[in-house]
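# Structure for this input, please:
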Amino acid sequence: MSTPVETTTPDGGVPARSGACAAGRRLEGVATAVSGTALVLIGVVTIAEVVMRYVVGAPLSWVLGLITDYLLPAMFFFGLSYAYRTGSHVSIDFLHRTFPPRVRRVVDVMGTVLALGLFVLLGTAGLLSTHDAWSAGEIPPPGGAELPLPTWTSLVLIPLGVLVLVVRILHTLISLVRGEQPEEDR
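Numbers count the residues shown, from 1 in each chain. Have a look, this model is predicted:
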């Protein structure tokens, strides 16, 4: 099968093939921005905590809770799709490169289906945990956490970030099944 000829946008990017593709790209762009913002906030809040603790002598008790409950999960889960699209994840491809193109495509489809199944399970588990925490009205006991917010507010980051990744994986799978080169390989 031949790969369709691609045109490029003025910035050198590949244009979206459909409205769903464009919506997925926008969603991924928002998730990537959230991930990057969370990373920057981790640095800013950490510096503020160090200054307050060692210069002013008044540590910020809520910093650890903010970073561990909200900023790290946001950075990680909202960055998954970007990492998948750009190939920034761990990949062992020395054997894959030796396969003929047809075998490589079959292996790619199988791996993508497995990844899709894994992340659908992870997203479902995250959604169920979020729902359970929300429906039970879970909040940390007084004095039991730096941030006395309902636990579902941090748990919801898991299914939201995984949803963006699942959209990316579906886009990749559709491209592979059509015999097209996935966006991350262009």
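
# Now do the buried residues in stretch 144-154.
E146, L147, T151, W152, S154 (16 or more other Cβ atoms under 10 Å). The C-beta positions use only the backbone N, C-alpha and C, and glycine is treated the same way.

# for the chain, which spans come out with low pLDDT?
Residue ranges of the chain with pLDDT under 70: 1-18, 183-186.

# Now do the helices in it.
Listed from the start of the chain, the chain has helices (DSSP state H) covering 19-51, 63-66, 72-86, 101-136, 152-155, 157-177.

# Distance to P142 added to those helices, as JSON lines?
Putting the helices of the chain into JSON lines (distance: least, Cβ to Cβ, whole Å) gives the following:
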{"stretch": "helix 19-51", "distance to P142": "23"}
{"stretch": "helix 63-66", "distance to P142": "14"}
{"stretch": "helix 72-86", "distance to P142": "24"}
{"stretch": "helix 101-136", "distance to P142": "17"}
{"stretch": "helix 152-155", "distance to P142": "17"}
{"stretch": "helix 157-177", "distance to P142": "24"}
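
# Among those helices, which comes closest to L95?
If you check each of the helices of the chain against L95 by Cβ to Cβ, helix 101-136 wins as the nearest, at 9.2 Å.

# Which strands or helices does that closest one pack on?
Taking 3 or more Cβ pairs under 8 Å, 6 or more residues apart in numbering; DSSP states H and E as the contact definition, the neighbouring helices and strands of helix 101-136 are helix 152-155, helix 157-177.

# okay, the angle between it and helix 157-177?
Note on geometry: by axes from the mean of the first three to the mean of the last three Cα atoms, to 10 degrees, helix 101-136 and helix 157-177 are set 160 degrees apart in direction.

# and the residue sitting nearest the centre point of the chain, what is it in contact with?
Here the mean C-alpha position of the chain is nearest to the C-alpha of L80 (Cα atoms, centre = their mean), at a distance of 2.7 Å. When contacts are counted by Cβ atoms under 8 Å, 6 or more residues apart in numbering, L80 touches G161, V162, V164, L165.

# so how far is E49 from the closest residue to W62 other than its chain neighbours?
Spatial nearest neighbour of W62, excluding adjacent residues (Cβ to Cβ, 6 or more residues apart in numbering): E146 at 4.4 Å. Computed as Cβ to Cβ, to the nearest Å, the E146 to E49 distance reads 11 Å.

# With G161 instead?
25 Å.

# Pick out whichever of the two has more residues nearby.
Remark: of G161 and E49, G161 carries more neighbours, 26 against 18, as counted by other Cβ atoms under 10 Å.
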